[in-house]
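Trainee: Take this sequence and fold it.
(chains A and B)
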Amino acid sequence: MDKLLNDFSPGLFVVSTILLLALIALMVKFAWKPILNSLNEREEGIQDALDAAEKAKLEMQNLQADNQKLLNDARAEREAMLKEAREMKNTMIDDAKAEAQTQANKMIAQAQAAIESEKKAAMAELKSHVAGLSIDIAEKVVRQELTNKDKQLALVDSLLGEATLN
Amino acid sequence: MLFTSAFVMADTTINDGKSDGGQVDTKKEVEDYILHHIQDSHDFSLFSYTSDEGERKHVGFPLPVILWSSNGLATFMSSEFHHNDDGSVIVEKNGSKFVKIHSKIYELDAGATTVAYDADHHATNAHKVLDFSITKSVVGVLLIGLFMLFAFSRLAKQYKTKQVPTGFGRVLEPLVLYVRDEIARPNIGEKHYRKFTGYLLTVFFFIWLLNLAGLTPLGFNVTGQLAVTACLAIFTLVIYTVSGNKDYWMHILWMPGVPVLIRPVLAIIELAGALVIKPFSLLVRLFANISAGHIVVMSLIAIMFTLKESLGVVGATGLSLVLSFFITLIEVLVAFLQAYIFTMLSALFIGMAVAEHEHH
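Mentor: Residues are numbered from 1 along each chain as shown, chains lettered A, B, ... in the order given. So this is what the prediction gives:
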């Protein structure tokens, strides 16, 4: 211990304190400050670049998601349009069919009505014709009756033969 | 090595004494040499050899000696001591007589002409002076400081033009990031770490590079000087004492959650811990580890001489080479480890002082 204290040189202590203070001050001013600032700047730059890349990636993902959504929407829309068109086609066909049916029914009904009325007219004519004929026959029969009984009968027979219903 | 080759002034002085810690053969000389080495030195010696004429020659360069003596400031070059370390060479400046004994400079009391020793080999008629000399340690601090300034300000400049540094900067950047992300940030906390990172970075590289410089043949032992480690530890002490927040002082002086009577006792313990034990542990740990490392490496190298008789020249040299090689490898690790531990503990202490506790 005594020897250690004897070895301790106060002069060297003072000189090294001054030199070290100067060295620390100079190193901080000319070396450490610029070095550490540059290192920080560089690290911040790298961090910023990484953040930007991450952000770009996220944006890309968003964009892709948007695209996918757009694509899906378009597909859905197409599907919907196709479906609509198909439905429209079906309804048009159905409508046309129904229309045709009703038209046909109407024509048939008209035809039937025409036939009915023709038939009625024909029947009426036939009736009136038969009535006329019957009256004629009856008149002739009555006239013959009035002359000859035999002749009257013959007449009725001949008339009946003539009046074969066409 | 790079630094020194730039301004080596080969200074060869002739000295026939063995007191200079030059020639080393016996166990006692090895011991003295090692103890001499781990002390600070007033000149920068690279190596010494004995010339063909039998003269002892030293290669290195002298360093300025700056003293504050009883007669005021005295400055001269360390070469005036002629590598003498036992007080026999007397340098006269400003009316004061100076001698160097075991790497310390003493001023002779007025009237004395030679140094007188007592039984414990302590000088009796000389006293210590305040020694602000540019010693070998100061040279080490200056060299490493300049190197750090040069290397890191260049790295700082690189960032102005490019995002990623090239060349040597590429080696330094991960180290800076390591200190910031592994030492400062986790220990001090996200909110406050920025303020202290500059200090921690400086201290980390300062200690690490000086530890490594101590492993080179230049033989610096800066982080093994108590004055230097004490200076570093006191810096940390000042920083965490000044930046301590209310919670920190509250926990030291009037610990919440314990009986009132115990609080003053705890305050004494906590104060001693914060102001004495923490810095003391920092300074002693670094000093002891680095000094011990130097002593071990040099002792293993000295096996070459001390076991020469029992193992033969080849055996002793081989053993010494292998052992000192591996210990030096471990010392490289210790150099980093001690810098890491010092910085880590400094960060931890600062973190404790600025931590925001949730209230109980």
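Trainee: how about the lowest-mean-pLDDT helix or strand in chain A, does it get close to chain B?
Mentor: When each helix and strand of chain A is scored by mean pLDDT, DSSP states H and E, helix A:2-7 comes last, with a mean of 73. Yes - counting by Cβ under 8 Å from any Cβ of the partner chain, chain B has neighbours in helix A:2-7: A:4, A:6-7. Just so you know, the C-beta spots here come from the backbone N, C-alpha and C atoms, and that holds for glycine as well.
Trainee: Quick check on those residues: which are buried?
Mentor: Among these, those buried by neighbour count (16 or more other Cβ atoms under 10 Å in any protein chain shown) are residue A:7.
Trainee: From the residues of helix A:2-7 next to chain B, pick the one nearest residue B:143.
Mentor: residue A:7 (22.3 Å; Cβ to Cβ).
Trainee: gap between that closest one and residue B:291?
Mentor: Plainly put, residue A:7 is 10 Å away from residue B:291 if you go by Cβ to Cβ, to the nearest Å.
Trainee: And chain B, is the helix ranked longest in chain A touching that?
Mentor: Ranked by residue count under DSSP state H, the longest helix found in chain A is helix A:33-145. Yes - for helix A:33-145 and chain B, the contact criterion (Cβ under 8 Å from any Cβ) is met by A:33-36, A:38-39, A:42, A:45.
Trainee: Quick one: mean pLDDT over the helix or strand that that helix is followed by.
Mentor: Next in sequence after helix A:33-145, counting helices and strands by DSSP states H and E, comes helix A:149-162. Average pLDDT, helix A:149-162: 76.
Trainee: Report all helices and strands that the longest helix of chain A contacts.
Mentor: helix A:149-162, helix B:136-161, helix B:169-178, helix B:193-215 (3 or more Cβ pairs under 8 Å, 6 or more residues apart in numbering or on different chains; DSSP states H and E).
Trainee: What is the shortest one packed up against?
Mentor: Using 3+ Cβ pairs under 8 Å, 6+ apart as the contact criterion, the elements in contact with helix B:169-178 are helix A:33-145, helix B:136-161.
Trainee: Return the set of buried residues in it.
Mentor: Of the residues in helix B:169-178, B:169, B:172-173, B:176 count as buried by neighbour count, 16+ other Cβ under 10 Å.
Trainee: how's chain B carved up into domains?
Mentor: B:2-132, B:138-354 (automatic domain parsing).
Trainee: The shortest one: how far from the chain's middle?
Mentor: What it means is domain B:2-132. Per Cα atoms, centre = their mean, to the nearest Å, the displacement of domain B:2-132 from the mean C-alpha position of its chain is 19 Å.
Trainee: Ok, stretch B:301-310 next?
Mentor: 28 Å.
Trainee: Stretch B:198-207 too?
Mentor: From the chain centre to the centre of stretch B:198-207 is a distance of 15 Å (Cα atoms, centre = their mean).
Trainee: who's in contact with it?
Mentor: Here stretch B:198-207 makes contact (Cβ atoms under 8 Å, 6 or more residues apart in numbering or on different chains) with A:20, A:23-24, A:27-28, A:32-33, A:36, B:144-145, B:148, B:152, B:175-176, B:179-180, B:183-184, B:223, B:232, B:235-236, B:239, B:286, B:338-340, B:342-343, B:346-347.
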